[in-house]
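Student: Sharing a sequence plus its predicted fold:
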Amino acid sequence: MTKLSLIPAAAALIDYDGRSVADVLAQLEYAGLAITSMTAVPAQIEAGGSADVTVSWTLLGTPTGQTLEGVTVAVGTLSKLFPGVSAAITYDLYVEDTGAPGGTASDTRQASVACLDKGHAGTINKTDGATLTSAEVNAMAQSWFETGSLSRTRNFTTAADGAIWVSIPAAFADPATFKVNNNVIVPVKTTRSHTTATGQVVAYDDFLLSDVISAGTAIVLEIIG
């Protein structure tokens, strides 16, 4: 018996649910088109600052066209640099295969960049929050982008004599608990107008967690939201 695959003209003519057998086979063999990953790096920028952001993606299949933020990107290109990003943004990627069996195949995905203020922790050789300066807070050894998810642990060794301070944007709720080397601390809180490293003026809460301690002291700081 002659196999159908050996009679391509017949495969094209035989109707299967309104489609030729060849079309059905092509659809079954088509691997598809999908955006399997997409990232924007860095994904966080300090508010008031800027950074060059690289948007990258990976694909399953080969598109016939792709756009990023509505601008055509050459097929085969899998990244694009956006210099000097200074505001929160969400990048939109669209890919399509107009030659896909059964009609155009397409996919979309997004990647975002957030602009955030930073939280800070470390030692300053002061125990009076009224005398803290923005420069001293910005220079503390520990910092992070504050998202409102306040629970975090920081491990550090004091580089100089000083009291332990934690400073966070006042827009966020106070942490429920502070621990230093597994000891629960009731902090002394001061609210201050703070100038960030990027020149933004923001209300900050400063939490005093200790008296002055010696340089070289190992610290495990737990901030529990």
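Tutor: Done, it's in.
Student: Any chance you could spot the residue sitting in the middle of the chain?
Tutor: Against the mean C-alpha coordinate of the chain, by Cα atoms, centre = their mean, the closest residue is residue 43 at 3.5 Å.
Student: so how far is residue 59 from that one?
Tutor: Distance, residue 43 to residue 59, using Cβ to Cβ, to the nearest Å: 21 Å. Placement of C-beta: from N, CA and C, glycine included.
Student: ok so, going back, now do the residue nearest to the centre of the chain against residue 94, distance only.
Tutor: With Cβ to Cβ as the criterion, residue 43 and residue 94 are 21 Å apart.
Student: In the sheet, which strands lie alongside the helix or strand hosting residue 192, parallel or antiparallel?
Tutor: Secondary-structure assignment from DSSP states H and E places residue 192 in strand 188-195. When pairing is defined by DSSP bridges, strand 188-195 lines up against strand 201-208 (antiparallel).
Student: Can you tell me what sits against the lengthiest strand in the chain?
Tutor: Criterion DSSP state E: the longest strand present in the chain is strand 105-116. Under the criterion Cβ atoms under 8 Å, 6 or more residues apart in numbering, residues 30, 32-35, 38-40, 42-49, 53, 55, 57, 61, 85-97, 145-147 lie in contact with strand 105-116.
Student: Quickly note the distance from residue 190 to residue 196.
Tutor: Residue 190 is 17 Å from residue 196, by Cβ to Cβ.
Student: Please identify which of the two sits among more neighbours.
Tutor: residue 196 (20 against 17; other Cβ atoms under 10 Å).
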